[in-house]
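>>> with the sequence up front, the predicted model follows.
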Amino acid sequence: LAGHLTIEPGYEAAIASALGPLVDAVAVDTVAAAVDAIRYLRDDDAGQATFVVAAPITTDGPATSTDGPPTSTDGPTDPPVGTRWAIDVIAAGEFTGAIQVLLAKVVVVDDLAQARAVLANHPDLTVVTTGGDLLSVTHAAGGSVAPSTLHLQAALDDARRHYEAAVAETERLTFEISSA
């Protein structure tokens, strides 16, 4: 899944915490593709895998349950003061619908103290910090954070952008030299 996501710089740890092990899931287009893969893994005794299915997006947002992301019919669409909806810091292409469902009611804050305060006033939310800590009324996770797949993907994307810029500059300079 990580290869299909573009995260706003500085929010990689928050999104990695919010998605948990799903960040390393195999991204598939349909439930049928996931079922086929699961059957293959089972039939060949090839282990287990987790799959994220690209969810269809309707004109009213993703196909969700009542626990889905806030919409005009779910109540306020603005996050609590000083927070951002996690979905607002991520671009997921064809997996946008799935990510909207997975990050429903997840907000991002700067630090653990702010996360605790937000959770006290909004117990229906899951709060993640930019440092990668996660708080909800049912569970919490945190501590020191090792680079996640999202961090590595962001570094790879950044390296590709620098490489493409260097190639373009080399071509420009080569043309200038040959024209002189």
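Alright, I've got the coordinates. In this text, all values refer to a predicted model and were calculated from it rather than measured experimentally. Numbers count the residues shown, from 1 in each chain.

>>> how about low-confidence regions in the protein?
Scanning the chain for pLDDT under 70 picks out 55-76, 145-148, 150-151.

>>> which residue ranges of it form helices?
With helices called from DSSP state H, the chain shows them at 12-19, 31-43, 96-102, 112-121, 149-179.

>>> mean neighbour count, these: which tops it?
Of those, the one with the most neighbours on average (mean count of other C-beta atoms under 10 Å) is helix 12-19, at a mean of 26. For the C-beta atoms, the positions are set from N, CA and C on the backbone; glycine is no exception.

>>> which among the helices of the chain is found nearest to G82?
Comparing the helices of the chain against G82 with C-beta to C-beta, the closest turns out to be helix 112-121 (6.5 Å).

>>> for the closest one, enumerate the helices and strands it packs against.
strand 106-109, strand 126-129, strand 134-135 (3 or more C-beta pairs under 8 Å, 6 or more residues apart in numbering; DSSP states H and E).

>>> not counting it itself, show me its contacts.
Applying C-beta atoms under 8 Å, 6 or more residues apart in numbering, the contact partners of helix 112-121 are 80, 82-83, 107, 109, 125, 127-129, 131, 133, 135-137, 142.

>>> pick the one among these closest to L1.
V128 (16.8 Å).

>>> for the closest one, which non-adjacent residue is spatially closest?
A14 (4.3 Å; C-beta to C-beta, 6 or more residues apart in numbering).

>>> now do A34
F51 (4.1 Å).

>>> kindly report the same for H122.
Closest to H122 by C-beta to C-beta, 6+ apart is P80, at 5.5 Å.

>>> so who does that neighbour touch?
Counted by C-beta under 8 Å, 6+ apart, P80 has contacts 107, 118, 121-122, 125.

>>> coming back round to it: these two touch, right, the residue nearest to V128 and V108?
Yes. In this structure A14 lies within contact range of V108 using C-beta atoms under 8 Å: 4.7 Å.

>>> hang on, the earlier thing: to V89, which of the helices of the chain lies closest?
The nearest among the helices of the chain, by C-beta to C-beta, is helix 12-19 at 6.8 Å.

>>> surely the residue nearest to A34 and A37 touch.
Yes. Here F51 reaches A37: they are 6.5 Å apart, a contact under C-beta under 8 Å.
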